[in-house]
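# Sequence plus the predicted model coming up.
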Amino acid sequence: MRCLISKRYCLLISSALIYFSIGGALANEAPVDWEKDTPYYITILHTNDHHGRFWPNAIGEYGLSAQKTVVDQIRQEVASKGGQLLLLSGGDINTGVPESDTLNAEPDFKGMNKIGYDAMAVGNHEFDHELPIIREQQKWVDFPFLSANIYFKHNNQRVFTPYKVFNQQGIKIAVLGLTTDDTIFLASPKNTQGIEFRETLPEAKKVIDEIKSVENPDVIIAVTHMGHYPNGEHGSMAPGDVSLARGLPTGDLDMIVGGHSQNPVCMASPNKRIAEYVPGTPCAPDQQNGTWIVQAHEWGKYVGRADFTFLNGKLTLDNYQLIPINLKKEVDNGNDTKRLEFYTQEILPNPEMQDFLTPYQEKGHQQLLTVVGQLQGRLEGARDKVRFQQTNLGQLLLSAFIEKTNADVGVMSGGMIRDSLLEGNISYRDILKVEPFGNSVVYFELKGADLLAYLTAAVNKKPGAGAYAHFRNLTLTLHDDKIVAVKVKGKPLELDKKYRIATLDFLAAGGDGYPIVNKLSSFVDTGYRDADVIKQYFASHSPINADDYKPKQFIINQ
């Protein structure tokens, strides 16, 4: 048998040639199902970084019920035209909304299953839980958790399925999963004991070679939780999707469905992403080294849709869009008042899904609505602030931890702050949105000389990274990025004096790449959850004025 066109489409001279070769022509290839010169239509839908948003927010945006309405409509449309559809997730289903967090994301996974997801990448926030809980989550769904680069240390076996092959009208589509190797720093070390996160590019090359050898696919898609960093720039973070596409041979990957950086990947020009994407406007995905790269922001705010034509072994992108899920904008009424309007047409929730999710929402809602204090002003916890600069919310959180532990100073990373607090009554639910990870407040003691070394490691965490350090009761003087002077509570650091530092157990165990201090003899885990300590602080100090926690200049550059 001699293959006449690309990939799997071959003419079979005779069925007998399956079993022997003539004139050196190999004859062990199976016949293919797709036909020459016949177009096939494939639609890829995708979401990422769900983070517990199974229910709409307070103004009715996103939520799985409306998402199901959209997906069902697209399924029907695609099927009516004879096409095929895959629905993929870029991971991070866990952590973000208390009603979900208290239930280990059960409503989210089961809701995704009802929508009909086909596969998901394992995100770093899946490891906000220990492996037994992740295994329980896997039982709730019919789709695989994919990751090719996560291994057990003791036996060199993968923790998750590396890839899955889907047969769409005789077209074999292989979907492989990859997880940022930064997970070892981003997840709590207690949840990753005995597990290693290998570099993504070498593992991708290895598994793609395996897929080609064993499966002989027509299309290869990577579903990843690595992040989209324009032009391959990733700072202190692990390499992302652009670096992956550039590092592979041209044509190895047809598409990357991404997550982790939580951006709408809509390109303004080559290697430059649109800074402020407006919902409902055109979106051009990135393309690197022959690979399309997509990402749908976060929280189910969008469903990404890529429509392809497969013809004679070639995959062509015909259309791409981000479909807003009931996203709204403020519109000026002209009389100093504003109203909310949908960016695009309203999407009605799927009644069956709504009925399924309602008991989960009600189950945790009441206990979370208890008012614990009052706030005057806004405490800033937005991602684009807390990972770049000190904020008043970071100062308040550290004040609570210091008060609980009678510490001299407080240190935490900006990536551990997940939401802002707005003026008015503050509920326990509000606090859990700020600190959803369930870390415990800890403290340890260091001599001044050792504290200087610890602070040097912390202050060198780059802006933009989740590891970016927030400090309380400290003033640092830098010269050429080196600490040359430290003040603790306004007094010069004494090298032989002992100081008590308050932080969270995640950082104490080496999370975010901070020095490991939980082995010190002075280390104490208070056992108090961070959210509970903040709740107590609000109860004791309300009403809290946000202006009282304005960050003071803590770094002086010489």
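Happy to help now that I have it.

# mind listing what's buried in stretch 53-64?
53-56, 60-64 (16 or more other CB atoms under 10 Å). Where C-beta positions appear, they are placed from N, C-alpha and C, glycine not excepted.

# Residues touching that stretch, excluding its own?
65-66, 96-97, 99-100, 107-108, 111-112, 114-115, 299-301, 325-328, 340, 349, 353, 357, 360-361 (CB atoms under 8 Å, 6 or more residues apart in numbering).

# In CSV, list the C-alpha atoms belonging to it.
Only the C-alpha atoms of stretch 53-64 are listed here, as CSV (Å, rounded to 0.1, in the frame of the first residue of the first chain):
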residue,chain,number,x,y,z
ARG,A,53,-18.4,30.3,39.5
PHE,A,54,-21.2,27.8,39.1
TRP,A,55,-23.7,30.4,40.1
PRO,A,56,-24.2,33.9,38.5
ASN,A,57,-22.7,36.9,40.3
ALA,A,58,-24.8,39.6,42.1
ILE,A,59,-25.7,41.3,38.8
GLY,A,60,-26.5,38.1,36.9
GLU,A,61,-23.3,37.6,34.9
TYR,A,62,-21.9,34.2,33.8
GLY,A,63,-22.9,30.9,35.7
LEU,A,64,-23.2,27.4,34.4
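
# Now do the strands in the stretch 251-400 of the chain.
255-257, 267-269, 272-273, 286-288, 291-294, 302-311, 314-324, 328-332, 338-342, 371-376 (DSSP state E, counting those that start in this stretch).

# Turn those into a markdown table, including mean neighbour count, mean pLDDT and distance to residue 492.
Formatted as a markdown table, the strands of the stretch 251-400 of the chain follow (neighbours: other CB atoms under 10 Å; pLDDT from 0 to 100; distance: least, CB to CB, whole Å):
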| stretch | mean neighbour count | mean pLDDT | distance to residue 492 |
| --- | --- | --- | --- |
| strand 255-257 | 28 | 98 | 52 |
| strand 267-269 | 12 | 97 | 49 |
| strand 272-273 | 16 | 96 | 45 |
| strand 286-288 | 20 | 98 | 50 |
| strand 291-294 | 24 | 98 | 51 |
| strand 302-311 | 21 | 98 | 52 |
| strand 314-324 | 17 | 98 | 53 |
| strand 328-332 | 12 | 93 | 49 |
| strand 338-342 | 12 | 93 | 51 |
| strand 371-376 | 17 | 95 | 35 |
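
# Isn't residue 514 up against residue 456?
No - with contact defined as CB atoms under 8 Å, residue 514 does not count as touching residue 456 (11.5 Å).

# Who has more neighbours out of the two?
In this view residue 514 and residue 456 are compared by other CB atoms under 10 Å, and residue 514 has more residues nearby, 23 against 16.

# Spatially nearest residue to that one (excluding sequence neighbours)?
Spatial nearest neighbour of residue 514, excluding adjacent residues (CB to CB, 6 or more residues apart in numbering): residue 507 at 4.5 Å.

# Repeat that for residue 290.
residue 250 is the one closest to residue 290 (CB to CB, 6+ apart), at 4.8 Å.

# quick one, what contacts residue 457?
514-515.

# now with 10 Å?
467, 469, 513-515 (CB atoms under 10 Å, 6 or more residues apart in numbering).

# Please indicate which of those residues are buried?
467, 469, 513-514.
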